[in-house]
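Visitor: Any chance you could fold what I've pasted below:
(chains A and B)
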Amino acid sequence: MSEWYSAPLEVPAMGADLRGDYPMVKVPQEARQSAAQALQDGQTHYVPVPGIPSLRDAVAHFLGSLGADIPGDQVIVTGGMQEARFLALQGVTPLDTVSMLAVRGDRQARFLALYDAVYDTIRIAVPEVADPGVRLALKVRDRDVATMPTSEALGLLPSPDTIQSALGQGSNLIYLESPSRLTGAAYTAKQVGQFADMLAEYDAQCVWDQSTAPAVPSDYTSLFAIAPDRTLAIGMLWPGMGLSSWQIGYIATPPDLAEAVVALKQVLSICTATPAQWGALGTARVFAERHAALLDKMTAARAKALSNIDDTRIVPGQAVNVIAINLGGAAAAAIERLADHAAVTDGNAYGAPGVVRVTVKPGPETAEALGLLLKKE
Amino acid sequence: MSSTAKKQGTDLLYALIAQAREYDDAVLLGRGDPDSDTPPHIVAAALAAIEEGESGPTPLEGLPELRKAIAARVKHVNGIKVDPDSEVVVTNGGQSALLLIILAALQPGDEIVVPVPTYNTYDDAIRIAGGVKVEVPTLVEEDFQVDPARVEAVLTEKTRAILLVSPNNPSAGVITPDNVRALVKLASERDLTILADEIYDLFLYDAEHLSPGSLPEGRDRTLTLNAVSKAYAMTGWRLGWVVGPENLVKHVATLKTGLTGPTSLISQRAALAALTGPQDCVTDFRNLYERRREIVMRAVTEMGFSFGQPRGGQFLFADIGNLGIDSVALAQRVLDETHVLVYPGVAFGQDWQSYIRITFLQPEDVLRDALGKVTEVVKSVRAGS
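Guide: I've put the predicted structure just below:
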């Protein structure tokens, strides 16, 4: 079952692993120091379910850089992206509803907002092309979902018309990635504004995966910033900083949903591992500066890799952490051809057969991989 | 009326915990969080792993060396033989393992037999799975023993699984080996899955623990969960596991892929050190809890309450029914007046309104002092003040 989550492929010493959302780097010293100090201080016990307060505040501060102005109380720290994704897709409703029902004497009321009502009233729509974790999260409780076709012109994102159609047909929880995890394509400010209007019109909510938003050099718009009352934003902590094996992410919620998400998180895992949280807190202090430096390098490497390529097979994308190529029926052979040199991501797992994703590394590897992939046999 | 009064189950417990956190001098006798920090040799292993700076993906099922260590542990401690490559899954703590085994065993509408009282989040997990909980009572006068005849009496054609938490939380009852054999036989005859929660299996007092998964008839139908949290004082690390037959464990792994993805590398490295390093710490903890258990038992007796003999675990479950107020009222008053937190039994189900759970997880002098304060509150209640 494990795909991206498998142990890394055996690659030759000179080979490159170009499968990640970001280039693999060593865990930063700040993360290591912070985690180590916390452990030495005895931080080995349960911590609050939604996360250590200072980390929640740090995430809220980061979200401020994406235009969202929220307190740390609306941030829940999760044990990685997949947990964030699963929790966000449960379609929880405010626990105030539960309190009202409990006053009416309904003993089972506390469960309604978390579990039962979800099945009856939540209709989920997901893009045809999305991180494999989306479908896996939905399969846990065997959810029926509507699939939104994606547009090649939009970098394999669903178009606004498609989203409107899904809402019009009754979906009231839409899952969107911006940037796309596969292609790096991101919605424009105008499109995000349209989504906000649609959500209000149809009284719907959106799970907004903005994990790689920092990889968009300019003009990124987060739906969470525009429609904070109808959006659950999810992301990783911290993109590009080498913490993927520590498994730590976040959900940012509307104010009336935080308690319900926390209640579900309790059942899922009680709390997120404390060493990972302290490591993430240490990294938070240097994230903006380090990511800015990484962004410059990735921007340059990506531009260089694409500089001599005028190939319609390159899928448009604004984020500079990945390059996606549509090789169609030639994808499998191309990946195999590349195998002695580098490992790349097969878009099949994302719902995009024929598409290959290459991580942008500051160095020659990406350009070399791209050249081999596009090489005419 | 306190805002906690309107809450139930898990919500109630967390509301009380939140209130206790407001007090600098709070004494927590409610939550199952050992007062000791994680032993130094385990922390040292984690620090070494942190310093290595290893990054990148890890296997969903867990590091191979950790799974091997878990397989060795369950063979040595529980008599359960599993293949580490295909019959072990590392999870994000015992809580995650709990939800995974419930989801693996139940489809919507399936019934699961649950001896009660039981750990409160089983209710939540069963609800998430769409399952139907069928309760089987255990009685304080029987030390909360699980009676196979009572289990058999509630089986229907919709029954798919039996949950066995032993040592039990909150009752501290331990299912006798004879009863385990009878329950496994019953499950085999009716083709039921057994879900065995054995997270307190290293803390036994005048009791013998027999793992259902160790029996020939139980091996291919039992999912067993455990974790490092209680045994090694590692509650904050979030590292547990599920072992069982390949077909069931494969399903657990698939669910884990959707639920949480892989487990934190640092926690895995620490757990490896816990399982493969010196086990003196576990013996020390057990001896410590046994001494404290005596203190708690004496104090609760002095309060005038009956209780099931705590034969396993880290707590005691006392019947306060002769006090005249329910457990929420008592827990709230104790917390308000003395800043001592005990758990009201209603958090484990409405039928346990007249029970409280008290843990052994404080130093002896603190424990004596806190229980003395609780005793004074109880005396006040009895005196009508």
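Visitor: can you give me the helices for chain A?
Guide: With DSSP state H as the criterion, chain A has helices at A:29-40, A:53-64, A:81-88, A:95-103, A:109-111, A:117-121, A:132-140, A:160-168, A:189-202, A:223-226, A:258-269, A:274-307, A:331-338, A:365-374.
Visitor: How about the last one and chain B, touching?
Guide: No. Applying Cβ under 8 Å from any Cβ of the partner chain, one finds helix A:365-374 separated from chain B by no less than 15.4 Å. Every C-beta, even on glycine, is put in place using the N, C-alpha and C of the backbone.
Visitor: Find the residue closest to the residue nearest to the spatial centre of chain B in space, skipping its chain neighbours.
Guide: Chain B has residue B:169 as the residue nearest its centroid, 5.0 Å off, counting by Cα atoms, centre = their mean. What sits nearest to residue B:169 in space, not counting adjacent residues and going by Cβ to Cβ, 6 or more residues apart in numbering or on different chains, is residue B:119, at 4.5 Å.
Visitor: Against chain A, how distant is the one you found?
Guide: With distances taken as Cβ to the nearest Cβ, to the nearest Å, residue B:119 is found 11 Å from chain A.
Visitor: quick one: contacts for the residue nearest to the centre of chain B?
Guide: Residue B:169 makes contact with B:32, B:118, B:119, B:197, B:199, B:200, B:313, B:315, according to Cβ atoms under 8 Å, 6 or more residues apart in numbering or on different chains.
Visitor: Name the SS class of it, please.
Guide: coil (DSSP: H, G, I helix; E, B strand; the rest coil).
Visitor: Next: residue B:156.
Guide: coil.
Visitor: Residue B:111 is in contact with that one, correct?
Guide: Yes. Applying Cβ atoms under 8 Å as the test, residue B:156 and residue B:111 come out as touching, 6.2 Å apart.
Visitor: Looking at these two, which is more packed in?
Guide: residue B:111 (21 against 10; other Cβ atoms under 10 Å in any protein chain shown).
Visitor: how about low-confidence regions in the chain?
Guide: All of this is about chain A. Chain A contains residues with pLDDT under 70 at A:1-14, A:95-120, A:377.
Visitor: not quite, I wanted chain B
Guide: B:1-11.
Visitor: ok, which stretches of chain B are strands?
Guide: For chain B, strands defined by DSSP state E occupy the ranges B:27-28, B:88-91, B:111-116, B:132-137, B:159-165, B:193-197, B:222-227, B:240-243, B:306-307, B:315-319, B:340-341, B:343-344, B:355-359.
Visitor: right, is the longest one up against chain A?
Guide: No. For strand B:159-165 and chain A, the contact criterion (Cβ under 8 Å from any Cβ) is not met; the two come no nearer than 15.3 Å.
Visitor: what are the pairing partners of that strand, and which direction each?
Guide: Looking at strand B:159-165 with DSSP bridges, its partner strands are strand B:111-116 (parallel), strand B:193-197 (parallel).
Visitor: can you tell which of these is closest to residue A:272?
Guide: Residue A:272 lies closest, by Cβ to Cβ, to one member of the strands paired with strand B:159-165: strand B:193-197, at 21.8 Å.
Visitor: Could you list the contact residues of the stretch 251-377 of chain A toward chain B?
Guide: A:263, A:266-276, A:279.
Visitor: which one of these has the most neighbours?
Guide: If you rank those by neighbour count (other Cβ under 10 Å), residue A:272 sits at the top with 34 neighbours.
Visitor: Test my guess that that one contacts residue A:75.
Guide: No. Look at residue A:272 against residue A:75 with Cβ under 8 Å: they stay out of range, at 11.8 Å.
Visitor: which residues are common contacts for these two?
Guide: residue A:51.
Visitor: circling back to that earlier point, of the helices of chain A, which stretch is the most buried?
Guide: Of all these, helix A:81-88 has the most neighbours on average by mean count of other Cβ atoms under 10 Å in any protein chain shown, namely a mean of 28.
Visitor: if we look at it, which residues are touching it?
Guide: A:76, A:78, A:131, A:133-134, A:136-137, A:140, A:207, A:209, A:211, A:232, A:234-236, A:249-251, A:261, A:264-265, A:268-269, B:92, B:257-261.
Visitor: thinking again about what came up before, could you check how many residues crowd around the residue nearest to residue B:169?
Guide: Count around residue B:119 with other Cβ under 10 Å applied: 22.
Visitor: List the contacts of it.
Guide: Here residue B:119 is in contact with B:98, B:165, B:169, B:170, B:197, B:348 (criterion: Cβ under 8 Å, 6+ apart).
Visitor: With residue A:123 instead?
Guide: Residues in contact with residue A:123 (Cβ under 8 Å, 6+ apart) are A:144, A:146, A:170, A:171, A:172, A:173.
Visitor: Please tell me how far whichever residue of chain A sits closest to chain B sits from residue B:295.
Guide: Closest approach between chain A and chain B, counting by Cβ to the nearest Cβ: residue A:82, at 3.3 Å. Residue A:82 sits 44 Å away from residue B:295 when distances are taken as Cβ to Cβ, to the nearest Å.
Visitor: and the residue in chain B that chain A sits nearest to, what does it touch?
Guide: In chain B, the residue that lies nearest chain A is residue B:261 (3.3 Å; Cβ to the nearest Cβ). Contacts for residue B:261 (Cβ under 8 Å, 6+ apart) come out as A:5, A:80, A:81, A:82, A:83, A:133, A:247, B:60.
Visitor: nearest to residue B:231, of these?
Guide: Nearest member of the contacts of residue B:261 to residue B:231, counting by Cβ to Cβ, is residue A:247, at 22.3 Å.
Visitor: Could you check stretch B:52-67 and say which residues are buried?
Guide: B:54, B:55, B:56, B:57, B:58, B:59, B:60, B:61, B:62, B:63, B:66, B:67 (16 or more other Cβ atoms under 10 Å in any protein chain shown).
Visitor: is it true that the fourth one touches residue A:244?
Guide: Yep, that's residue B:57 we're talking about. Yes. Applying Cβ under 8 Å, one finds residue B:57 in contact with residue A:244, separated by 6.6 Å.
Visitor: shared neighbours of the two, which are they?
Guide: By Cβ under 8 Å, 6+ apart, the residues touching both residue B:57 and residue A:244 are residue A:20.
Visitor: and residue A:47, what does it touch?
Guide: Residue A:47 neighbours (Cβ under 8 Å, 6+ apart): A:271, A:272, A:274, A:277, B:236.
Visitor: List the residues that contact the nearest residue to residue A:34 once chain neighbours are set aside.
Guide: Spatial nearest neighbour of residue A:34, chain neighbours left out: residue A:282 (2.5 Å); criterion: Cβ to Cβ, 6+ apart. For residue A:282, the contacting residues are A:28, A:30, A:31, A:32, A:33, A:34, A:35, by Cβ under 8 Å, 6+ apart.
Visitor: How many neighbouring residues does the first one have?
Guide: Okay, so that is residue A:28. 21.
Visitor: Run through the residues that contact it.
Guide: A:241, A:242, A:282, A:283, A:286, A:290.
Visitor: got JSON lines for these, with distance to residue B:102 too?
Guide: Converted to JSON lines, the contacts of residue A:28 look like this (distance: Cβ to Cβ, whole Å):
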{"residue": "A:241", "distance to residue B:102": "35"}
{"residue": "A:242", "distance to residue B:102": "34"}
{"residue": "A:282", "distance to residue B:102": "36"}
{"residue": "A:283", "distance to residue B:102": "34"}
{"residue": "A:286", "distance to residue B:102": "41"}
{"residue": "A:290", "distance to residue B:102": "41"}
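Visitor: Perfect, that will be all.
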